[in-house]
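*Asks:* need a structure here:
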Amino acid sequence: MKEFILNNGVKIPAVGLGVFRVNDANAAYETVKSALSVGYRHIDTAMIYGNEEEVGKAIKDSRVPRQEIFLTTKLWNDDQRSGKVKEALDASLERLGTNYVDLYLVHWPVRGTYVSVWKKMEEIYRAGKVKAIGVSNYHPHHLDDLLQEAEIVPAVNQIECYPYLAQEPLIKYCKEKGIYPEAWGPLGAGQSDILVHPVVTEIAKKYNKSAAQIVLRWNLERGVIVIPKSVHKERQIENLTISNFQLTDTEVKQISSLNKDLRLGSDPDNFNF
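*Replies:* Below you'll find the model as predicted:
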């Protein structure tokens, strides 16, 4: 499995499994257990998803050694507002049944707190309970503010990113700062027609791959980590099997040109949760 190396030397599998909106406890458990059985070694959850306990149980029951799994969870907005960063992490660790996570992300840039919260993130990183720290849904101006005060540069910025929201300026910014971009909703979060777009389907025919595999490979070619969600074993296998072909520069540009700056999730500058 392809890996990227974060700015602190930690290796992260380039393809992971996201479990956003896998709300049913049994479904979350079976989804993660299935993914690990077919070769996933990168699982992405969050406190607000309500499935950390099931994710942790599936990891334990999978018999895959914990050190072989890259596990991400996230600090929710209410815990940022209350300043309870360490407490939130400890609660996540308890639910996950582990004594560390590989990546801990600030879930959203909560206005007025994100710089002070980052200082607390740096403290928990130094304490050794997380292998890497990063952010999610941050625009360049959020990162500019944070980096003025930061002693540790975020390892990752997890952002909404699929061909209709190609995020090229933000990806370029992150790379210049040594921050790895990571795409959530890389297939359009089930709300987009991107997988039937003629540009994508024509490229898929050429390589005898699915449209989803082409879109995921497009992000990998741009140096973007992807965490597609799927509860179906055959789709999980498909999403993971994208290392045996490469797109040409022209094809990457063709897909990038589909950009409409079309968000399916909230704008980080305007959210109410």
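*Asks:* give the contact list for the closest residue to V252 other than its chain neighbours.
*Replies:* Once flanking residues are discounted, V252 sits nearest to E221: 5.0 Å by C-beta to C-beta, 6 or more residues apart in numbering. Every residue, glycine included, has its C-beta placed from N, CA and C. Shown in contact with E221 (C-beta atoms under 8 Å, 6 or more residues apart in numbering): Q246, L247, V252.
*Asks:* swap in C174?
*Replies:* L143, N157, Y180, P181.
*Asks:* and for A25?
*Replies:* Residues in contact with A25, defined by C-beta under 8 Å, 6+ apart, are N51, E53, E54.
*Asks:* from N51, how far out is it?
*Replies:* 7 Å (C-beta to C-beta, to the nearest Å).
*Asks:* I'd like the average pLDDT over stretch 47-62.
*Replies:* Stretch 47-62 shows a mean pLDDT of 97 in the predicted model.
*Asks:* give the buried residues for that stretch.
*Replies:* With burial defined by 16 or more other C-beta atoms under 10 Å, the residues of stretch 47-62 counted as buried are 47-59, 62.
*Asks:* which of the contacts of C174 fall within strands?
*Replies:* Under the assignment DSSP state E, the contacts of C174 contribute N157, Y180, P181 to strands.
*Asks:* out of the residues you listed, who's nearest H42?
*Replies:* For these, the minimum distance to H42 (C-beta to C-beta) is 12.6 Å, reached by Y180.
*Asks:* now that closest one. Nearest residue, chain neighbours left out?
*Replies:* Closest to Y180 by C-beta to C-beta, 6+ apart is V156, at 4.9 Å.
*Asks:* same question for H107.
*Replies:* K74 (4.2 Å).
*Asks:* do you know the pLDDT at that neighbour?
*Replies:* Reading off the model, K74 has pLDDT 98.
*Asks:* and for N272?
*Replies:* pLDDT, N272: 88.
*Asks:* that one: what secondary structure?
*Replies:* coil (DSSP: H, G, I helix; E, B strand; the rest coil).
*Asks:* are we agreed that the residue nearest to H107 is in a strand?
*Replies:* Yes - per three-state DSSP, K74 lies within a strand segment.
*Asks:* what about it, how many residues close to it?
*Replies:* Neighbour count for K74, taken as other C-beta atoms under 10 Å: 26.
*Asks:* and it, bridged to which residues?
*Replies:* Beta-bridge partners recorded for K74 (DSSP bridges): L105.
*Asks:* strands of the stretch 1-150 of the chain, residue ranges please.
*Replies:* With DSSP state E, counting those that start in this stretch, the ranges of strands along the stretch 1-150 of the chain come out as 3-5, 11-13, 17-18, 42-44, 70-75, 103-106, 133-136.
*Asks:* noted, bye for now.
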